[in-house]
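In: can you look at this prediction? I've put the sequence above it.
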Amino acid sequence: MTAKALDDAVLTAPGFEPVREEFGRLLAADETFAGQFCAYAGGRVVADLWGGEGVGPDDLQGVFSSTKGAAAVCVALLVQRGVLDLDAPVARYWPEFGQAGKEAVTVRLALSHQAGLVGVEPQLTLEESMRHETMAARLAAQVPHWHPGAAHGYHALTIGTIIDELTRRITGMPVARMFREEVAQPRGVDFHIATPDDLEPRVKRILPLRPTPEQQAEGQAGLPAPDSLFGLASRFVTALDCADIGFLPDGLLDELPLPAQSGTGTIAGVDLNKPRIRAALSAALALAPAPGGFTVAEHAARVRAIAGHDGYTTRQAAYDLRKLRGKHLISKPGRTRRYHVPPDGARTIAALLTLRDHVIAPILAGVRSPRMGRKPKIWTPVDRDYEILRIDMQTLFRHVGIETRPAAA
């Protein structure tokens with residue numbers, strides 16, 4: 001589109017001419033570019049721009065996770081009407097949700113991405129993930145990936161199902177219909193959740209992001225070092241869905257031979273092979289949501305409940321808590337006798353426990369007794385991710401000195 005055509009076609013308020021000029025520059029830089037841009041300031045439109053081949057002012061485009069905000073408007077309406085209590089258990093409205101450790105998960109926790117339901121196992125196909133009933137049933141049965149409330153993780157692909165199911169249980173209609181009938185239509189808002197078929201001709205596809213090298217470098221700045229504890233945990237927690245945990249024998253890691261001297265059996269000084277350390281970590285994670293923190297006695301009691309025996313003393317708890325403080329996983333401010341688990345500590349503890357139980361152990365089981373025979377002729381993205389994960393984990397095992405033996409022929 002030429003600069004003159006752009007001037008004729010768009011609206012720009014005084015003082016916002018540089019926005020129009022930059023938009024025109026982007027269009028002129030590549031004849032394949034097309035787009036729309038609209039901005040409000042102080043409740044009024046200050047820029048309404050569009051241009052490129054076949055693009056008009058009334059075309060629709062996907063807005064990705066901005067749809068979560070539109071769905072949240074429906075949640076706010078339900079709260080305003082008094083039919084949804086943010087501090088009530090999700091199971092009050094969705095009884096099937098109250099299982100697998102989620103009985104006490106509140107609506108507030110679930111809608112603030114703290115419920116540990118970032119995905120489901122085993123994984124779903126694309127077609128299955130697009131069927132609401134299938135997704136809702138799988139989320140209801142899913143065991144949280146971390147203790148609900150102890151950590152935060154973006155529920156990118158599941159929060160919509162949670163909102164939709166709550167809306168259906170309370171109003172009897174999907175959130176898409178509620179938004180259309182009670183929010184968009186009465187206000188003349190041309191925004192849609194589940195675009196109606198008759199509007200499909202107006203929809204324009206979004207091109208994938210093409211960042212410059214400078215933008216790529218900026219996006220990677222501040223990320224944890226890949227060989228740091230937090231970096232290691234982040235990488236493997238992200239890849240957990242690629243690990244098949246269905247063939248893990250009980251007690252496998254506890255029966256492994258002693259690791260080589262170089263690794264001394266620990267990851268960053270935390271010996272994940274010791275049941276006592278795992279119980280201490282689990283107890284700290286379970287107590288993390290307590291606003292006032294927890295005492296040594298409370299930690300010892302929780303460890304005894306997790307371990308299932310009474311042999312864990314407060315002296316042992318004090319010793320273990322000192323070790324965890326030394327690793328910056330927990331804190332004890334000033335002279336107080338109460339311990340706290342900071343957000344980074346909770347995330348790292350959850351990652352360590354998940355790494356041990358759902359990544360290291362299953363892959364060791366696969367090394368000893370491979371489930372797959374010949375490699376698949378057609379590799380899916382999950383196949384490729386799993387293979388990369390397997391190789392990375394074996395490299396990690398060599399680094400920390402954990403011996404892996406191939407399965408007998």
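Out: Perfect, thanks for sending it. Numbers count the residues shown, from 1 in each chain.
In: G116 touches Y154, doesn't it?
Out: No. If you go by C-beta atoms under 8 Å, G116 and Y154 don't touch, sitting 11.9 Å apart. Heads up, the C-betas are built off the backbone N, CA and C, glycines and all.
In: what is the burial count for the closest residue in space to T314 that isn't next to it in sequence?
Out: Residue nearest to T314 in three dimensions, not counting chain neighbours: A300, with 4.7 Å by C-beta to C-beta, 6 or more residues apart in numbering. Using other C-beta atoms under 10 Å, A300 is surrounded by 21 other residues.
In: check which helix or strand A300 maps to.
Out: A300 is part of helix 296-307, with elements assigned from DSSP states H and E.
In: which other residues reach the helix or strand following that helix?
Out: Later in the chain than helix 296-307, the nearest helix or strand by DSSP H and E is helix 314-326. With contacts defined as C-beta atoms under 8 Å, 6 or more residues apart in numbering, helix 314-326 is touched by 269, 276-277, 280-281, 284, 296-297, 299-300, 303, 330-332, 339.
In: if we go to 7 Å?
Out: For helix 314-326, the surrounding residues in contact (C-beta atoms under 7 Å, 6 or more residues apart in numbering) are A280, A284, V296, A297, H299, A300, V303, I330, S331, K332, Y339.
In: try stretch 284-296
Out: Against stretch 284-296 from outside (C-beta under 7 Å, 6+ apart): 147, 149-150, 298-299, 302, 314, 317-318, 321, 324, 330, 337-341, 346, 349-350.
In: any idea how far that stretch is from the chain center?
Out: Its chain's C-alpha centre and that of stretch 284-296 lie 23 Å apart, by C-alpha atoms, centre = their mean, to the nearest Å.
In: buried set for it?
Out: By 16 or more other C-beta atoms under 10 Å, the buried positions in stretch 284-296 come out as A284, L285, A286, L287, A288, G293, F294, T295, V296.
In: do the same with stretch 34-52
Out: By neighbour count on 16+ other C-beta under 10 Å, the buried set for stretch 34-52 is A34, G35, Q36, V46, A47, D48, L49, W50, G51, G52.
In: repeat for stretch 118-128
Out: V118, G119, V120, E121, L124.
In: would you map the strands across the protein?
Out: All strands of the chain, identified by DSSP state E, fall at 11-12, 35-41, 44-51, 60-61, 203-204.
In: show the backbone phi and psi for the residue nearest to L117 when sequence neighbours are not counted.
Out: Nearest non-adjacent residue to L117, counting by C-beta to C-beta, 6+ apart: T158, 5.3 Å away. Dihedral pair for T158: phi -120, psi -20, per degrees, to the nearest 10.
In: wouldn't T158 be in contact with V118 here?
Out: Yes. If you go by C-beta atoms under 7 Å, T158 and V118 touch, sitting 6.5 Å apart.
In: what's the domain layout of this structure?
Out: With domains defined by automatic domain parsing, the chain comprises 3-59, 66-200, 229-400.
In: export the ones you listed to CSV and tack on distance to P208 and mean pLDDT?
Out: As requested, these are exported to CSV (distance: least, C-beta to C-beta, whole Å; pLDDT from 0 to 100):
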stretch, distance to P208, mean pLDDT
domain 3-59, 13, 83
domain 66-200, 17, 93
domain 229-400, 16, 67
